[in-house]
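Undergrad: below is the sequence, then the predicted model.
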Amino acid sequence: MNERSFSEVRMAIEAPFTPEHDLFRRTLRDYVTRELAPHALEWDEAGIFPREVFTGMAAIGALGVNYPEEVGGSGGDFWHAVVLAEELVHSRNSGVNMGLLVQSQIATPILNEIGTEEQKREFLRPALAGEKIAALGISEPDAGSDVARIKTSARRVGDDYVVNGAKMWITNGTRADFITLAVRTGGPGHGGISLLVFPTDVKGFSVSKNLAKVGNLSSDTALLFFEDCKVPARYLLGEENEGFYQVMTNFQGERLIAAIGAVSGMQQLVDESIRYGNERSAFDKPLIKFQTWRHKFVEHLTGIEAARWLTYRACDLFNRREPAVKEISMAKLFATDLMQRVVYDCQQFHGGMGYVVETPVARAFRDVRLLTIGGGTSEIMKEIIAKLVPGF
């Protein structure tokens, strides 16, 4: 228990949310349901959402909610980020949620952690204000979960790095103003990787393709090319050749955000299915009165509650900056795998309406498939857990 008694841990995770968190939750819920949800289908059909969504979210303090005030944030803790991930599901658009969470919780935390004052002023502050769009550039055509295999290189030439290579599956990639970019500055393996802040107005950078995806349609996902791109050496994040460890640390927050969103999304799907089942009748009684469905939803509600507290346990450790790789990996594995079963049953319960894209459950069915793939596949989560459990 990391030197804390069970009762101490239980008290810490039973009531993590303060009145301040609750106020942020109400403000965010109101904004998301009023300003974002009505456009969910429209933005999916357009394949992109307006840039103004970033500035709108920044205006209510959502993008920088858990960042220090001195970099343009609101001074909150990680539980504020939990609220952000939980409430964004009410946008009814997973692509929008993904773009916003990359901006706020995936591409930028490392800048706050190890960035210089100049880097924070030039990139982090405008990102939290929604003025610059951020992306995280790690995955490549031949290197997804296996980060140590990346090939995109950055060669030091005088006061610059010259970047060559390609990145793939980059969220916000078609319109990012800067990329938190993983590059190879040393030899093969994890020991030769560094991180750069890469402004996209550099000569030689190009967006090769906006990738057509199965789901998350309003989130742009790009294949990027770098050809002799010169980036000032002062944009190096942290120490040269230590980027792998920074990437792995960054992954923990990304995976935890995925688990949080999955739990909240599952709860929403089941709640709405139960309401639908009370309104829709078959064979002279409401659908929800059929025992097979009552039992199915009870099983899912039990699983969701287990996933919630497994995830909150990981959040508690993460918020206190205690070791949590095993707990975070378990939370992502359990919550995102369960989400696949929950959304399947909810869509089945809706019958023909569950197959119509105007129905949120139909869009959820296609969108949630990413959760067991992105940020490290379920198979990778199992390997990480196995390495941390004695006896394997």
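TA: The structure has been received and is ready for your questions.
Undergrad: shaky segments in the protein?
TA: Applying pLDDT under 70 to the chain flags the ranges 1-15.
Undergrad: hmm, 50 instead?
TA: Scanning the chain for pLDDT under 50 picks out 1-3, 5-7, 9-12.
Undergrad: against D146, how distant is the residue of it most remote from its centre?
TA: Outermost residue of the chain with respect to the C-alpha centroid, by CA atoms, centre = their mean, is D284; its distance is 43.5 Å. As judged by CB to CB, to the nearest Å, D284 and D146 stand 56 Å apart. Every C-beta, even on glycine, is put in place using the N, C-alpha and C of the backbone.
Undergrad: do Q119 as well
TA: From Q119 to D146 the distance is 28 Å (CB to CB).
Undergrad: and what of M168?
TA: Where D146 is concerned, M168 sits at a distance of 13 Å (CB to CB).
Undergrad: neighbour count: these two, which is higher?
TA: M168 (20 against 12; other CB atoms under 10 Å).
Undergrad: so E279 touches P286, yeah?
TA: Yes: judged on CB atoms under 8 Å, E279 makes contact with P286 at a distance of 7.4 Å.
Undergrad: with neighbour numbers in mind, choose between the two.
TA: P286 (14 against 10).
Undergrad: in the protein, where's the longest helix?
TA: Ranked by number of residues, the top helix in the chain under DSSP state H is helix 243-279.
Undergrad: what lines up beside the next helix or strand after that one in the sheet?
TA: Sequence-wise, the next helix or strand downstream of helix 243-279 (DSSP states H and E) is strand 281-282. Using DSSP bridges, strand 281-282 pairs in its sheet with strand 285-286 (antiparallel).
Undergrad: list the buried residues of the helix or strand following the strand it pairs with.
TA: Per DSSP H and E, the first helix or strand lying C-terminal to strand 285-286 is helix 291-319. Judged by neighbour count using 16 or more other CB atoms under 10 Å, the buried positions of helix 291-319 are 293, 296-297, 300-301, 303-304, 307-308, 310-319.
Undergrad: what of stretch 369-383?
TA: Going by 16+ other CB under 10 Å, stretch 369-383 has these buried residues: 369-372, 374-378, 380-381.
Undergrad: over to stretch 253-260?
TA: For stretch 253-260, by 16+ other CB under 10 Å, it's 253-260.
Undergrad: thanks again, I'm all set now.
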